[in-house]
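# coords below, sequence missing:
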């Protein structure tokens, strides 16, 4: 996750117009999408790009473009692993939903119910407030290097200690203010409720049941087999190799890595009620109002964003999603519940804007939404 500036200035209307494509409408959606993304990658100077689309309960298209590493010219494949940044929060949300279903987590219980040594702050902080970014915890202290972290944290409990004693930014439930530390504390609550450490829970209950073998904590440095080399915008906007960071301070908030194919598989399973029930998924993806009933001012639910999106074709659809900005990579996972379509796109270039990647995902989604979902696949 990048600093708060990029995480919170969220204006869905900006995404209404995607880059134009000259692909004839008579072509198959994957042909049109492939041509569009080849041009998109070239225009934006992205080293490597990978995408997967699911319709109903199966993958219908995946493709990779460009390079996993510019120096070695190693190509990106559909199996190449990318850091997913804050898209990790959507994965954490599903673990929370499972524990709610099992009666092990009460969303409106004080956090001390599950994290007994977290200090009181003068106002109750609930699990729901944490998952919707309304609890008032501060975000990264950039001057102290908390975002550009190189220190290994042996446990979630140690990561929580970084901010546990700090004052709140506002009274919980009265304001939306995005912070990675909300999800770090939330992962401690998942540990307390489940009796398992966070990474063990995620593997056993979210990743392994769906056969997601490439999804997990991003422990690999640049050059690790099967993982992209990450880049940031350097001199004249050219890709510059990103320095290695340690994301053990924020597994739940921004510390996972995956492939587009596996994230699309996860999204399709979530829509099908195979991770949590459909009712629970609706709960997780419905934006949360402030405690006085007013809208929060952000389309943020419990680890997901949800809004009505106008696609390039002009059709309006409900988009359930989460973007992620890692140090040297970006990811965007978007689900269209009414159409049964999931799109996951990832790149190994961190830019100053996250909007371009989202526009590309919406353009690709538009091609596939034009094709009706086959009977029996929802």
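Received it, and whenever you're ready, just let me know what you need. Since the structure is predicted, the reported quantities are computational estimates derived from the model, not experimental observations.

# list the contacts of the spatially most central residue of the chain.
By CA atoms, centre = their mean, the chain has its centre lying nearest to residue 87, at 1.0 Å. Residues in contact with residue 87 (CB atoms under 8 Å, 6 or more residues apart in numbering) are 256, 263, 322, 323, 324, 331, 332, 333. (Glycine included, C-beta is placed from N, CA and C.)

# any regions of the stretch 201-350 of the chain where pLDDT drops low?
Within the stretch 201-350 of the chain, the stretches with pLDDT under 70 are 221-224.

# how deep is the residue nearest to residue 128 when sequence neighbours are not counted tucked in, by neighbour count?
Distance criterion CB to CB, 6 or more residues apart in numbering; nearest residue to residue 128, sequence neighbours excluded, is residue 107 at 4.1 Å. Neighbour count for residue 107, taken as other CB atoms under 10 Å: 18.

# got a list of what residue 107 touches?
100, 126, 127, 128, 131, 302.

# assign the residue lying closest to the third one once chain neighbours are set aside to helix, strand or coil.
Leaving out its chain neighbours, the residue that sits closest to residue 127 by CB to CB, 6+ apart is residue 107, at 5.0 Å. Of the three states, residue 107 takes coil according to DSSP: H, G, I helix; E, B strand; the rest coil.

# same question, the one 5 residues further on
Reducing the assignment at residue 112 to three states with three-state DSSP gives helix.

# angles on the backbone of residue 203, please.
Note on residue 203: backbone dihedrals following degrees, to the nearest 10 are phi -70, psi -50.

# what distance do you get for it to residue 293?
38 Å (CB to CB, to the nearest Å).

# what about those two, which has more around it?
residue 203 (16 against 6).

# break down this protein into its helices, ranges please.
4-8, 29-44, 88-101, 127-131, 156-160, 180-194, 198-202, 251-254, 260-271, 278-284, 355-369 (DSSP state H).

# nearest to residue 317 among the ones you listed would be which one?
With CB to CB as the criterion, residue 317 lies closest to helix 355-369 of these, at 6.8 Å.

# that closest one to helix 29-44, inter-axis angle?
Angular relation of helix 355-369 and helix 29-44 on a 0 to 180 degree scale: 170 degrees, by axes from the mean of the first three to the mean of the last three CA atoms, to 10 degrees.
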